[in-house]
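Student: Here is a sequence with its predicted model. Questions after.
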Amino acid sequence: MEHKRIAALHDISGFGRGSMTTAIAVCAAAGIQCCPLVGAVLSAHTAYPDVHIRDLTADLPATVENWKQIGCRFDGLYSGYMSDMAQSQSMLYLKEHCAKPGSLLLVDPVMGDNGKAYAGAFGPAFARQMADYCARADVITPNLTEAAMLLGEAPDAWRDEPAFVSRYLERLGALGPFAVVITGIHDGKGQVGAAFRTQTGASGLILRPQVDAYFPGTGDLFASVLLTALLRRPGELAFAVERAVDFVYRCVERTHQAGTPPIDGVLLEAMLPALFPAQEEQGQ
Ligand code: PXL
């Protein structure tokens, strides 16, 4: 099995599953090395009250410079939550100096959910810079709230309806990324999932039963599974979206059954062994 390696820019939140802890765990389960580029350290993700935050934006340029000196080479570059858009410069630096030919940049433009921006710096200026950054990505994975923000609209300006979602996919594609995947799409008949579209005309909608609960961090889980599936089977976006929608559904369903506090996230540890069964080889 070929060894693959990614660099992942996220915060690390000590409590509440998500961001870097999810990225590292999913990559390990997929047989992919995850090199953490830590943009901020938080006591817990920001859905908890009064979290302590140490921003590390100023440390990133020296870190990526060191990676360049060492000669680190990556098959994938992945960014999620950024406490400051200046952090994206370090990812673009890695893309220029440390990416293997044909490597993939996946940007999860983490800014909000459910019609609201997350606590923090996620205003219109941040969203504009995020849109510029998304233009340089191969794959972007906004939810509907983030899609609206990327397009310069209010976080609650969207409608979860097929014609509206198609238009959002086209408009986000026009920003420049090769593929757009919008998460949190409902079919109005009890199913939820993700819609995708590429510059080469592939499109689709992958759905699973909706579970009546909200768990922070499922967007991070979705993007992490999507990226690892794409690295295992390059070019197979429909397969990767299906893997990601299906795995998030299974984690949410299992956690809902278990009845643990939703704010603590999904019971990822129990589910990871089933993500990529051992008999499934990479690249097949
Ligand atoms: O799940 C996205 C996310 C990532 N990182 C931090 C967050 C959130 C969502 O609230 O607070 C720190």
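Tutor: Arrived safely. Residues are numbered from 1 along each chain as shown.
Student: so how far is the ligand from residue 156?
Tutor: According to Cβ to the nearest ligand atom, to the nearest Å, residue 156 stands 17 Å off from the ligand. Any C-beta I mention is one placed from the backbone N, CA and C, and that applies to glycine too.
Student: To which secondary structure element type does that residue belong?
Tutor: coil (DSSP: H, G, I helix; E, B strand; the rest coil).
Student: Distance check, it against residue 147.
Tutor: Here the criterion is Cβ to Cβ, to the nearest Å. By it, residue 156 lies 12 Å from residue 147.
Student: buried sites along stretch 113-132?
Tutor: 113, 117, 118, 120, 122, 126, 127, 130, 131 (16 or more other Cβ atoms under 10 Å).
Student: How about stretch 9-21?
Tutor: Result for stretch 9-21 [16+ other Cβ under 10 Å]: buried residues 9, 10, 11, 12, 13, 16, 17, 18, 19, 20, 21.
Student: about what we covered before: pLDDT-wise, what's the bottom of the buried residues of stretch 113-132?
Tutor: Here the lowest pLDDT out of the buried residues of stretch 113-132 sits on residue 120, with 85.
Student: looking at it, that one is touching residue 47, isn't it?
Tutor: No - assessed by Cβ atoms under 8 Å, residue 120 is found out of contact with residue 47, at 11.7 Å.
Student: rewinding a little: looking at the buried residues of stretch 113-132, which is nearest the ligand?
Tutor: residue 118 (4.7 Å; Cβ to the nearest ligand atom).
Student: Once you drop chain neighbours, what's closest to that closest one?
Tutor: residue 112 (5.2 Å; Cβ to Cβ, 6 or more residues apart in numbering).
Student: residues contacting that neighbour?
Tutor: With contact set as Cβ atoms under 8 Å, 6 or more residues apart in numbering, residue 112 has these partners: 118, 122, 143, 145, 146, 149, 155.
Student: what's the farthest-apart pair in the residues you listed?
Tutor: 122 and 143 (12.9 Å; Cβ to Cβ).
Student: At the contact with the ligand, which residues of the stretch 1-150 of the chain appear?
Tutor: Residues of the stretch 1-150 of the chain lying close to the ligand (Cβ under 6 Å from any ligand atom) are 11, 13, 18, 19, 42, 45, 46, 47, 81, 110, 118.
Student: The first one against residue 41, yeah?
Tutor: Yes - using Cβ under 8 Å, residue 11 is in contact with residue 41, at 7.0 Å.
Student: how much space between residue 223 and residue 127?
Tutor: In terms of Cβ to Cβ, residue 223 sits 18 Å off from residue 127.
Student: where do the helices sit along the stretch 1-150 of the chain?
Tutor: Counting by DSSP state H, counting those that start in this stretch, the stretch 1-150 of the chain has these helices, from start to end: 19-30, 60-70, 88-97, 124-134, 144-150.
Student: most packed of these?
Tutor: When you average the neighbours per residue for each of the helices of the stretch 1-150 of the chain (mean count of other Cβ atoms under 10 Å), helix 144-150 leads with a mean of 26.
Student: From the contact counts, what lies against it?
Tutor: Applying 3 or more Cβ pairs under 8 Å, 6 or more residues apart in numbering; DSSP states H and E, we find helix 144-150 packed against strand 112-113, strand 116-117, helix 124-134, helix 162-175, strand 179-186.
Student: pull the CA atoms of that helix into PDB?
Tutor: Provided in PDB are the C-alpha atoms of helix 144-150 (Å, rounded to 0.1, in the frame of the first residue of the first chain):
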ATOM      1  CA  LEU A 144     -25.400  26.200   3.000                       C
ATOM      2  CA  THR A 145     -24.600  28.900   5.600                       C
ATOM      3  CA  GLU A 146     -21.000  29.100   4.500                       C
ATOM      4  CA  ALA A 147     -22.100  28.900   0.800                       C
ATOM      5  CA  ALA A 148     -24.100  32.100   1.300                       C
ATOM      6  CA  MET A 149     -21.300  33.800   3.200                       C
ATOM      7  CA  LEU A 150     -18.800  32.900   0.400                       C
END
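Student: before we move on, the earlier item: for the buried residues of stretch 113-132, which one is nearest residue 238?
Tutor: residue 113 (24.5 Å).
Student: quick check, residue 238 in a helix?
Tutor: Yes - assessed by three-state DSSP, residue 238 belongs to a helix.
Student: Find the nearest non-adjacent residue to it, please.
Tutor: residue 204 (5.5 Å).
Student: That neighbour contacts residue 185, correct?
Tutor: No - Residue 204 lies out of contact with residue 185 (Cβ under 8 Å); the separation is 11.0 Å.
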